[in-house]
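A.B. asks: from the sequence below, what's the structure:
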Amino acid sequence: MAELFSDEWMKSYMVAWNQDEEITKPLAEIGFKSTIGYGFEGDDKPVGVIVVENGQMISAGAYGGETLNWDLRAKKESWDKWLVKGLGLAGLGMAYASRKLKFAVGDYGSMVKDPRMAGPFIKTFKVMSKI
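C.D. replies: Modelled structure (predicted):
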């Protein structure tokens with residue numbers, strides 16, 4: 001298994017994301033476009049990055065200095081737990097409130113208040129567990 005958020009892992013994540021219509025379809029309907037970094041709490045920069053256009057991930061790999069719209073950070077132990085157990089809406093709220101999931105860049109509040117974004121976001125954690 002590839003290391004979490006490595007270039008290889010991110011490319012596998014792209015395939016799984018693009019195959020999941022519960023993510024791609026609702027995000028396409030709202031024209032979702034974003035560059036999202038994933039990494040670990042305390043690091044200076046994210047490890048992996050994805051670029052999404054109209055709900056489809058068009059690129060994924062190691063972070064290379066891209067300007068991010070979202071930058072999600074957590075301890076490795078937290079990521080590992082979420083990849084096994086998933087993360088529902090209540091769990092997401094608890095992870096954010098307890099600072100286990102941090103948005104180094106991006107507006108958590110705007111995302112969770114919009115069910116067109118919140119639902120697919122939560123689904124991404126289930127997709128991650130397939131990698």
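A.B. asks: which residues does residue 90 contact?
C.D. replies: Remark: with contacts taken as Cβ atoms under 8 Å, 6 or more residues apart in numbering, residue 90 is in contact with nothing. Every residue, glycine included, has its C-beta placed from N, CA and C.
A.B. asks: state the number of residues packed around residue 123.
C.D. replies: Residue 123 has 20 neighbours, counted by other Cβ atoms under 10 Å.
A.B. asks: what stretches of this protein score poorly on pLDDT?
C.D. replies: 1 (pLDDT under 70).
A.B. asks: flag every buried residue along whichever helix in the chain runs longest.
C.D. replies: The longest helix of the chain (DSSP state H) is helix 115-128. By 16 or more other Cβ atoms under 10 Å, the buried positions in helix 115-128 come out as 117, 120, 121, 122, 123, 124, 125, 126, 127, 128.
A.B. asks: how about these in TSV, adding distance to residue 106?
C.D. replies: Below are the buried residues of helix 115-128 laid out as TSV (distance: Cβ to Cβ, whole Å):
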residue	distance to residue 106
117	11
120	15
121	11
122	15
123	17
124	14
125	16
126	20
127	19
128	17
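A.B. asks: for the residues you listed, which one is nearest residue 92?
C.D. replies: residue 122 (6.1 Å; Cβ to Cβ).
A.B. asks: tell me the contacts of the closest one?
C.D. replies: 87, 88, 89, 92.
A.B. asks: now do 6 Å
C.D. replies: The contact partners of residue 122, by Cβ atoms under 6 Å, 6 or more residues apart in numbering, come to residue 89.
A.B. asks: for residue 27, same thing?
C.D. replies: Counting by Cβ under 6 Å, 6+ apart, residue 27 has contacts 55, 120.
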